[in-house]
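Asker: here is my input; please provide its structure:
(3 chains)
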Amino acid sequence: MKQTFSKKERLVRQRLITGLFADGSSFHCSPFRITWQFSPFPIPAPVQILISVPKKNFHHAVHRNLIRRKIREAYRLNKQQLHDSLLGNNRQLLFAVYYTSKEILPFEIIQGKIILLLQRLIEENEKVTG
RNA sequence: GCAACAGAUCGUUCUGUCGUCACAUUCAAUUGUGGAGGAAAGUCGGGACAACAAAGAGCACCAUGCUUCCUAACGGGAAGGGUUCUGGUUCAUUCCAGAAUACAGAAAGUGCCACAGAAAAGAACCGCCCUGCUGUGAUAGCAGGGUAAGGGUGAAAACGCGGUGUAAAAGACCACGCUCCUGCCGGGUGAUCGGUGGAAGGGGUAAACCUCAUGGGUUGAAAGACCAAGUAUACCAGCUGUUAAGGGUAGCUCGUCCAAUGCUGGAGGGUAGGUCGCUAAAGUUUGAUGGUGACAUCAAACGGAGAUAAAUGACAGAAAAUUACAGAAUCCCGCUUAUAGAUCUGUUGCUUUU
RNA sequence: GGCCCCGUAGCUUAACUGAAUAGAGCAUCUGACUACGGAUCAGAAGGUUGAGGGUUUGAAUCCCCCCGGGGUCA
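Answerer: Numbering: from 1, shown residues only, chains lettered A, B, ... in the order given. Prediction:
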């Protein structure tokens, strides 16, 4: 079981990002808003993820860094099932995680919510397949 | 000893698992080493560095404003002087200590000074005094003049206090004192201090306009250099054409540069990408020397963040312990602001002992 | 990374060339009118002028420094 989070798994290309926010579908999962899309172009990893914490809610860079690191850590530890599901259908996914809460939540809660939303993405994948 | 306040210094460490950025290593997997701060923050000053087919001169504009020094430079810092305030002390702003200080010029000029008050800056409303006229037993009334001694005001009232003087008064004059301009002597590099003489009498406000002195070219790493891909038409050179308007040069004037359009040739903008700029620095620590000090010089040692949607995290354990303010983006020097806890220093209060 | 602007009653704003009770409209409350409500009329309350310091006799206004909000530059 791989728990790495290298640069290949991060959403970096500006063309893909603008395409994602223009055409992707989205849902809300308590402190997060998710925008996702099956990749129209081949990418080097099964999933590419973009994490965003708005400056409007957190003025200090330290707090933004802290939240982003917690989200990234939670995703890194729990991503394997989503990867397996996508590899099974030979499909690639782009998604953006947008933190909407105005408070800094502890790691356990963030991890629970991340697991929930990954389950939902797996369901979406299975639905399209089925 | 405890508590509160203020200032200064330090401002978590180690182990394991998983992961991350850079570099080295390897064909690769891997492995190894290193990886945020005292403020990285605010962007308030000052530089380094870079560009600008010249960035020049005058005015305007902006900033600064006791002196000497430090520094690459500064609106920063050090030492000193003046002024003000506080505390103690003394016959006495006398002396000492601490704190604050945008601290050049108000005798170059202009403006403003609400309410109150006669009057807020070329003061006669009341009062006081003199003269003339009218009138009375007397007080008085009117007209002309002198006068800042007195008048409930106000933040501030025309140098203070005492005397001389006068019809009544007045720095009108005198002694003492204050302030200001200035000559001389002495101390100090100087601000300025002490002494002595001359001339003068002044309301406040320059963080109102202003005057004087000094400084300032403009724009900022989104600066800028290079590489590959690549095409509208900016740009350059030559020729043709126009002849004085116009445009650039931060605002105005001078000065200076450019020159419609067309043709020929060269060649490039936007966009997305890569390399450099990019970290060795006016560097840090220790010691010696010089200096009251900021700091400077010399010697030795150290000198391992460098990303580009952007790296330090998560979990568990241990150290008494759950932990402050807070995250590099070209780099420095300051200033300002935020800071749990620990240590030190000072002030105040309480308690105990002598 | 750089630059610029703005904070006044619950809301929208005056007063920004210093002058003492910071003015107005909407909203709120009380009373009148009405059988009741609305509209209308009369009255009242509501401001540490974002915070702190300074200049001045006097600061919303001038100066310094923080806090908050907004805009702009590829």
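
Asker: which element, helix or strand, includes A:K113?
Answerer: Here A:K113 sits within helix A:107-129, counting by DSSP states H and E.

Asker: check whether A:L66 really touches A:I104, as I assumed.
Answerer: Yes: counting by C-beta atoms under 8 Å, A:L66 does reach A:I104; the two are 6.6 Å apart. For glycine as for every other residue, the C-beta is placed from the backbone atoms N, C-alpha and C.

Asker: what's opposite A:L94 in the beta bridge?
Answerer: A:Q37, A:Q48 (DSSP bridges).

Asker: identify the residues contacting it.
Answerer: Each residue near A:L94 by C-beta atoms under 8 Å, 6 or more residues apart in numbering is listed here: A:11, A:16, A:20, A:24, A:36-39, A:43, A:47-50.

Asker: just the buried members of the residues you listed?
Answerer: A:11, A:16, A:20, A:24, A:36-37, A:39, A:43, A:47-50 (16 or more other C-beta atoms under 10 Å).

Asker: nearest to A:E108 among those?
Answerer: A:I49 (20.6 Å; C-beta to C-beta).

Asker: got the residues of chain A near RNA strand B?
Answerer: A:2-7, A:10-12, A:14, A:17, A:50, A:52, A:60-63, A:65-66, A:68-70, A:73, A:76-77, A:106-108 (C-beta under 7 Å from any atom of the strand).

Asker: can you show me the helices along chain A?
Answerer: Per DSSP state H, chain A carries helices over the ranges A:14-23, A:61-78, A:80-89, A:107-129.
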